[in-house]
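J.: would you be able to build a 3D model of this:
(one chain, ligands or ions: 1)
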Amino acid sequence: MKSCYFDLKELVCPDVYRRFGERAWIFLDEKLLDTLVVLREKIFDRPMLVNTWAAGGAFTQRGLRCNLCPLVREKSAAGVPYLSAHNLGKAVDFDVPGLSAEAVRETIVKNQILLPHPIRLEKGTSWVHLDVYDEGRGSICFFSG
Ligand SMILES: [Zn+2]
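T.: Numbers count the residues shown, from 1 in each chain. Have a look, this model is predicted:
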């Protein structure tokens, strides 16, 4: 599923885009994409910032992360299992320019009736981590990284 609001390069790391190009949409979970469209269109109605590498920015690790990505390689090298939702195309880290991360989380909670799938939000971070791992605890599950 392509999204009219998000460029694929915002949602995957540069390694993946270089290797797979636009085919890399297949690696992103439909539940995540459905959720992003609802956030963009119905809940915030303004731009959301995920990866910025394609526009010359520093963010590369905020969407899908592959095995070459530093966070993943470090865990592998250390012999630590690492199953972040980012590895499975089920997570984004993002900002809504003009709103604090806490304000974004509060707005999502207030509008949770609109969410098409259960989500998880990470507590207390200065960016917003959202993923679609379902822990069976309702429409929004808060967790600590
Ligand atoms: Zn990568």
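J.: is stretch 42-55 anywhere near the ion?
T.: No - Stretch 42-55 does not reach the ion (Cβ under 5 Å from the ion); its nearest approach is 10.4 Å. C-beta coordinates here come from the backbone N, C-alpha and C atoms, glycine included.
J.: in that stretch, which residues are buried?
T.: Residues of stretch 42-55 classed as buried by neighbour count (16 or more other Cβ atoms under 10 Å): 43-44, 48-51, 53.
J.: where are the low-confidence patches of the protein?
T.: Within the chain, the stretches with pLDDT under 70 are 1-3.
J.: got the residues of it near the ion?
T.: 13, 15, 66, 68-69.
J.: quick one: which of the buried residues of stretch 42-55 is nearest H129?
T.: Nearest to H129, judged by Cβ to Cβ, of the buried residues of stretch 42-55 is V50 at 11.2 Å.
J.: surely the closest one touches F6?
T.: Yes - if you go by Cβ atoms under 8 Å, V50 and F6 touch, sitting 7.1 Å apart.
J.: run a quick neighbour tally on Y133.
T.: Y133 has 17 neighbours, counted by other Cβ atoms under 10 Å.
J.: which helix or strand contains it?
T.: Y133 is part of no helix or strand, with elements assigned from DSSP states H and E.
J.: now for it: which residues touch it?
T.: 85, 90-91, 120 (Cβ atoms under 8 Å, 6 or more residues apart in numbering).
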